[in-house]
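Novice: Below is the sequence, then the predicted model.
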Amino acid sequence: MMNIITVSQISKKYGNLLNSTKALNGVSFNIEKGDFVGIMGPSGSGKTTLLNIISSAMKPDVGEIIIDGKELTRMKENEVANFRKNHLGFIFQDFNLLESLTVEENIILPLTFSKFKKVEITKRLQYINKILGLTPLNKRRIDELSGGQKQLVACARAIINKPEVLFADEPTGSLDSKSATQLLNYLEKINTQEQTTILMATHDAFTASYCKRIIFIKDGKIFAKINTNGDRKEFFEKIINMQRTIGGGDFFNA
Ligand SMILES: Nc1ncnc2c1ncn2[C@@H]1O[C@H](COP(=O)(O)OP(=O)(O)OP(=O)(O)O)[C@@H](O)[C@H]1O
Ligand SMILES: [Mg+2]
């Protein structure tokens, strides 16, 4: 299989000389086209930082990211912006929705600046709405929604332009189990049927059990990697065991 993402020796510090946090410390791995990779690890272990760097929202201090044969860390800003728009989808931990727009306006946002015709946009909107059960909420403004509803809108917006690579940071964190399962089934579907490559950070073992493999990070370093054998229940048990082995973040142990 072809590598779609190569992450090589990524390190990232926050803060200044006197007061700094090493969020990532020499992380390397490959992701193949059509992979569905979970990123797990205690709070503060560097998951969001890693997703932000791989998705080109943030630059690493050291290291390289190659996506689809392109070296992201060396691309110009407008090239990166174009690449993101055409190839990548994002579901952020804090949603990043435009509060004063409606649900529908938020969902179609990634399509409005692109080549899509109005009929095509409407068709895709209807399809996504149906899958995620969002139709009744379409005309509401974002600031009139619950946390879980916002999360679904963020998911709809991320997948409407059928990205080649989808980044998801805790996509089920605010969802009830029915909505979470609906979303996960959909992610599994685009992964298997459309070869969408998915990279998903989560704390939740049930959510993670939908992945094909999981990379555990602790203190900014890769701690372990596990693969599914295709049996979701067995994988779930394996994930729970690894979570026990890795323990909580230092924050909670302090
Ligand atoms: N903007 C920032 N400025 C300073 N430190 C930061 C910043 N963002 C994150 N950090 C620190 O970097 C480390 C990694 O944070 P990160 O958000 O990547 O963790 P995470 O694994 O996503 O955690 P969670 O599971 O809580 O979402 C933490 O110690 C965090 O406090
Ligand atoms: Mg995070």
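Specialist: Arrived safely. Ligands and ions are numbered 1, 2, ... in the order given.

Novice: Most proximal residue of the stretch 51-200 of the chain with respect to ligand 1?
Specialist: Distance from ligand 1 to each residue of the stretch 51-200 of the chain (CB to the nearest ligand atom) is smallest for residue 93, at 6.0 Å. In short, each C-beta sits where N, CA and C put it, glycine included.

Novice: Tell me which residues touch that residue, please.
Specialist: 48, 169-170, 173, 201 (CB atoms under 8 Å, 6 or more residues apart in numbering).

Novice: among these, who's most crowded?
Specialist: Highest neighbour count within the contacts of residue 93: residue 201, with 28 neighbours (other CB atoms under 10 Å).

Novice: List the contacts of that one.
Specialist: Residue 201 sits in contact with 38-40, 47-48, 50-51, 93, 168-170, where contact means CB under 8 Å, 6+ apart.

Novice: what's the neighbour count on residue 15?
Specialist: Counted with other CB under 10 Å, residue 15 comes out at 10.

Novice: three-state assignment of the residue lying closest to it once chain neighbours are set aside?
Specialist: Distances taken as CB to CB, 6 or more residues apart in numbering place residue 21 nearest to residue 15, at 5.8 Å, with adjacent residues excluded. Three-state call for residue 21 (DSSP: H, G, I helix; E, B strand; the rest coil): strand.

Novice: ok, residue 21 touching residue 12?
Specialist: No. The criterion here is CB atoms under 8 Å, and residue 21 misses it with residue 12 at 9.3 Å.

Novice: If you count surrounding residues, which of the two has more?
Specialist: Regarding residue 21 and residue 12, a neighbour count based on other CB under 10 Å identifies residue 12 as having more, with 22 against 12.

Novice: beta partners of the more buried one?
Specialist: Listed beta-bridge partners, residue 12: residue 24 (assigned using DSSP bridges).

Novice: and the nearest residue to residue 214 once chain neighbours are set aside, helix, strand or coil?
Specialist: Nearest non-adjacent residue to residue 214, counting by CB to CB, 6+ apart: residue 38, 4.0 Å away. Assigned with three-state DSSP, residue 38 falls in the strand class.

Novice: Return the residues in contact with the residue nearest to residue 15.
Specialist: Contacts of residue 21 (CB under 8 Å, 6+ apart): 13-15.

Novice: how about TSV for those residues, with pLDDT and distance to residue 213 added?
Specialist: TSV is the format used below for the contacts of residue 21 (pLDDT from 0 to 100; distance: CB to CB, whole Å):
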residue	pLDDT	distance to residue 213
13	96	28
14	96	28
15	91	32
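
Novice: what subset of those residues is also close to ligand 2?
Specialist: By CB under 5 Å from the ion, no member of these lies near ligand 2.

Novice: out of these, who's nearest ligand 2?
Specialist: Nearest to ligand 2 among the contacts of residue 21: residue 14, at 13.1 Å, using CB to the ion.

Novice: hmm, back to that, and the contacts of residue 21, which is closest to residue 156?
Specialist: residue 14 (31.2 Å; CB to CB).

Novice: Could you tell me which residues make contact with the closest one?
Specialist: Residue 14 touches 20-21, 23, counting by CB under 8 Å, 6+ apart.

Novice: Any figure for the gap between it and ligand 1?
Specialist: 3 Å (CB to the nearest ligand atom, to the nearest Å).

Novice: picking that back up, these two touch, right, the residue nearest to residue 214 and residue 217?
Specialist: No. Counting by CB under 8 Å, residue 38 does not reach residue 217; the two are 10.9 Å apart.

Novice: between those two, which one's more packed in?
Specialist: residue 38 (27 against 23).

Novice: can you give me the strands in the stretch 1-150 of the chain?
Specialist: 3-15, 20-32, 36-40, 62-67, 70-71, 88-91 (DSSP state E, counting those that start in this stretch).
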